[in-house]
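Asker: got a predicted structure plus its sequence, pasted below:
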Protein chains: 2
Amino acid sequence: MSAPVPRGSYAKSAQVRQRILEVCVDVFGEVGFYGASTKDIAQRAGISHTGLRHHFPRKEDLLAAVLQLRDDQTAPLREAAWALEPRTRPVEALLGMLAVLAKLELQPGVMALYCVTSGEATTTEHPAHAYFTERYRGLRNFYATAYKALAEQGGLRSETDTNTLAIMTVALIKGLEEQWFFDRDTVRIERTVRTFIGSFVPALAP
Amino acid sequence: MSAPVPRGSYAKSAQVRQRILEVCVDVFGEVGFYGASTKDIAQRAGISHTGLRHHFPRKEDLLAAVLQLRDDQTAPLREAAWALEPRTRPVEALLGMLAVLAKLELQPGVMALYCVTSGEATTTEHPAHAYFTERYRGLRNFYATAYKALAEQGGLRSETDTNTLAIMTVALIKGLEEQWFFDRDTVRIERTVRTFIGSFVPALAP
């Protein structure tokens, strides 16, 4: 049974919200939350400022919605990685995360959104500070769970503890994403992360 | 022979510039280049907007000057690291860079300045895009030079090529700096970088 196609004003409203949020990916990715102007967003989305405020009363609501939208769009890949169960099938779970990374360079707009807003969000006053705190914690948890499972199975060759390896992995990914924007010919995100993990997880070595 | 102490209007002007730039470390570190308001900067520095524009005609000039100021302030440490010659004395040079990193957690304001503005600067239109491109290139060059020298001396144990190790090191540092802001109790910048480098440079292993 397929879901009915939404019609009339509800469908139109959903389309407008979608168009606004697609504009927000670009705007927040270009100038960040603080630099973004809701008037500019409304203009680029082709609606009035009043219309924009009807859908999203505050600029904070726009940022929250656009981060949520992107989370929803990448959810199948991330859920697939978690569904592969880092605790019981760590190699498959790590490969699942590498598959997510392999798509990043094809989505520079989304990557810019995260680079710019997570950099801004280092201050506790930023509306997405809690979001990124939770995001970082979740990513560390994923990698630490996989590495601990590998260690128990004898599939980890490192003198570094698994929590530190998880912190390193998350930091490496973030740093590569940003560095890539400054030298796209030199920096390879997925390949470099795979090389790093492969240096202590033989099952992932090239 | 010591330099004469500047007097009169020149000294006062230098003091005002210094005060403006100290305010800019905070403002750019809080809301980034796009979010910063020159009126807010003037007010926090206790001068008129006209006075601010006399010293720094454009907001771009403020960002360039504050990045230059911080480069000058950390120059002794960085120059000390380069002076240790990564090509001929790689272990000492790497230890010199770790000494720079060890001070980072004590300077969250400066680290925030770099986190927020380098995140923003991922777009090529940003006034500091060229600055960070050059900064990343210089850092990669430093680590690659040290690792190549170590490889020639038999002091490197890794199957990963030295350029990739350099890209990884620079990415790891950047990613740890940002991650630290979201969980200061869990993330240790210098210790984690030392553990990473120590995993393939036995001379730096804990």
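Answerer: Happy to help now that I have it.

Asker: quick one: the helices in chain A, in order.
Answerer: A:8-35, A:38-45, A:49-55, A:59-83, A:90-102, A:108-120, A:129-153, A:162-182, A:189-198 (DSSP state H).

Asker: okay, buried residues for the third one please.
Answerer: So that's helix A:49-55. The neighbour-count check on helix A:49-55 (16 or more other CB atoms under 10 Å in any protein chain shown) flags A:52, A:55 as buried. The C-beta positions use only the backbone N, C-alpha and C, and glycine is treated the same way.

Asker: packing partners for it?
Answerer: helix A:8-35, helix A:38-45 (3 or more CB pairs under 8 Å, 6 or more residues apart in numbering or on different chains; DSSP states H and E).

Asker: swap in 6 Å and give it another go.
Answerer: Counting contacts by 3 or more CB pairs under 6 Å, 6 or more residues apart in numbering or on different chains; DSSP states H and E, helix A:49-55 packs against helix A:38-45.

Asker: the inter-axis angle of the helix it packs on versus helix A:8-35?
Answerer: 130 degrees (axes from the mean of the first three to the mean of the last three CA atoms, to 10 degrees).

Asker: packing partners of helix A:38-45?
Answerer: Using 3+ CB pairs under 6 Å, 6+ apart, helix A:38-45 is in contact with helix A:8-35, helix A:49-55.

Asker: the first one near chain B at all?
Answerer: What that stands for is helix A:8-35. Yes: using CB under 6 Å from any CB of the partner chain, helix A:8-35 reaches chain B at A:30, A:31, A:32, A:34, A:35.

Asker: before we move on, the earlier item: can you redo the helices of chain A as a markdown table with distance to residue B:18?
Answerer: Output for the helices of chain A, formatted as a markdown table (distance: least, CB to CB, whole Å):
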| stretch | distance to residue B:18 |
| --- | --- |
| helix A:8-35 | 25 |
| helix A:38-45 | 35 |
| helix A:49-55 | 41 |
| helix A:59-83 | 34 |
| helix A:90-102 | 44 |
| helix A:108-120 | 26 |
| helix A:129-153 | 30 |
| helix A:162-182 | 30 |
| helix A:189-198 | 40 |
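
Asker: format the ones you listed as TSV; extra columns: mean pLDDT and distance to residue B:63.
Answerer: Output for the helices of chain A, formatted as TSV (pLDDT from 0 to 100; distance: least, CB to CB, whole Å):
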stretch	mean pLDDT	distance to residue B:63
helix A:8-35	88	13
helix A:38-45	96	21
helix A:49-55	95	29
helix A:59-83	79	23
helix A:90-102	90	31
helix A:108-120	90	14
helix A:129-153	95	23
helix A:162-182	97	16
helix A:189-198	97	27
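
Asker: so which of those gets nearest residue B:10?
Answerer: Among the helices of chain A, helix A:8-35 comes nearest to residue B:10, with 35.2 Å by CB to CB.

Asker: what two of the residues of helix A:8-35 next to chain B are the furthest from one another?
Answerer: A:30 and A:34 (12.2 Å).

Asker: what residues does chain A put near chain B?
Answerer: A:30-32, A:34-35, A:112, A:115-116, A:119-120, A:122-123, A:132-133, A:136, A:160, A:171-172, A:174-176, A:178-179, A:181-182, A:195.

Asker: now do 7 Å
Answerer: A:30-32, A:34-35, A:112, A:115-116, A:118-120, A:122-123, A:132-133, A:136-137, A:160, A:164, A:167-168, A:170-176, A:178-179, A:181-183, A:187, A:192, A:195-196, A:199 (CB under 7 Å from any CB of the partner chain).

Asker: list only buried entries from those residues.
Answerer: A:30-32, A:34-35, A:112, A:115-116, A:118-120, A:122-123, A:132-133, A:136, A:160, A:164, A:167-168, A:170-176, A:178-179, A:181-182, A:187, A:192, A:195-196, A:199.

Asker: got the confidence number for the closest residue to residue A:195 other than its chain neighbours?
Answerer: Excluding its sequence neighbours, the residue lying closest to residue A:195 (CB to CB, 6 or more residues apart in numbering or on different chains) is residue B:160, at 5.6 Å. You'll see residue B:160 listed with a pLDDT of 96.

Asker: give me phi/psi at residue B:160?
Answerer: phi -90, psi 140 (degrees, to the nearest 10).

Asker: wait, doesn't it sit right on residue A:198?
Answerer: No: counting by CB atoms under 7 Å, residue B:160 does not reach residue A:198; the two are 8.8 Å apart.

Asker: residues in contact with the residue nearest to residue A:36 when sequence neighbours are not counted?
Answerer: Residue nearest to residue A:36 in three dimensions, not counting chain neighbours: residue A:27, with 5.0 Å by CB to CB, 6+ apart. Residue A:27 sits next to A:36, A:40, A:41, A:44 when contact means CB atoms under 7 Å, 6 or more residues apart in numbering or on different chains.

Asker: any idea how far residue A:42 is from residue A:27?
Answerer: 11 Å (CB to CB, to the nearest Å).

Asker: and what of residue A:120?
Answerer: 21 Å.

Asker: now do residue A:148
Answerer: The gap separating residue A:148 from residue A:42 is 48 Å, by CB to CB.

Asker: same thing with residue A:109?
Answerer: The gap separating residue A:109 from residue A:42 is 20 Å, by CB to CB.

Asker: these two: who's more crowded?
Answerer: More crowded of residue A:109 and residue A:42, by other CB atoms under 10 Å in any protein chain shown: residue A:42, with 20 against 12.
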